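**Student:** Have a look at this fold, sequence not included:
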């Protein structure tokens, strides 16, 4: 169905898909997913791309109920300075459109960091690679399939 689901199918990872009607006028893709699926926003995670001072792209997966803390991500990645990645570079590197970037099945393997709050849930929701489609899976499965590190990279609003 999407590169993200193909990766999970190939690895025989348990997951479930959840569809909703995407509103192009929605202010927040992740917030829209939580609202339309009736989920706690702390369990729905957004996939963001950041860039280090050397130009390395990083994937950060944080709850939609909060924000990515760039200083904490820099510390976790061992970088001096990090900023948000250029949207066009994010799309080129992942193969996904903004608002539908999944941490799974990206074109290039990037270092990935998942906010450690994910470990409190038996399953979390991330984009399946298309607006209006979410994957529910265990945080440990997400980490193993993306070779991610759990780290405190988010902050609550």
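**Tutor:** Great, that's in hand. Not measured: the values here are computed from a predicted model. Numbering: from 1, shown residues only.

**Student:** Quick check: beta-bridge partners of residue 84?
**Tutor:** On the basis of DSSP bridges, residue 84 is bridged to residue 50.

**Student:** Give me the pLDDT for it.
**Tutor:** On the pLDDT scale, residue 84 is placed at 96.

**Student:** before we move on, what about residue 22?
**Tutor:** For residue 22, the model assigns a pLDDT of 87.

**Student:** what residues are up against the closest residue to it other than its chain neighbours?
**Tutor:** Nearest-residue entry for residue 22: residue 132, 3.6 Å, with adjacent residues in sequence omitted and distances by Cβ to Cβ, 6 or more residues apart in numbering. Placement of C-beta: from N, CA and C, glycine included. Residue 132 is in contact with 19, 20, 21, 22, counting by Cβ atoms under 8 Å, 6 or more residues apart in numbering.

**Student:** List only buried entries from these.
**Tutor:** 20, 22 (16 or more other Cβ atoms under 10 Å).

**Student:** and the two most separated of the contacts of residue 132?
**Tutor:** By the measure Cβ to Cβ, 19 and 22 form the most distant pair in these, at 9.3 Å.

**Student:** part of a helix, is residue 34?
**Tutor:** Yes: Residue 34 forms part of a helix when assessed by DSSP: H, G, I helix; E, B strand; the rest coil.

**Student:** Contacts only, for it.
**Tutor:** Taking Cβ under 8 Å, 6+ apart, one finds 40, 41, 43, 44, 64, 65, 125 in contact with residue 34.
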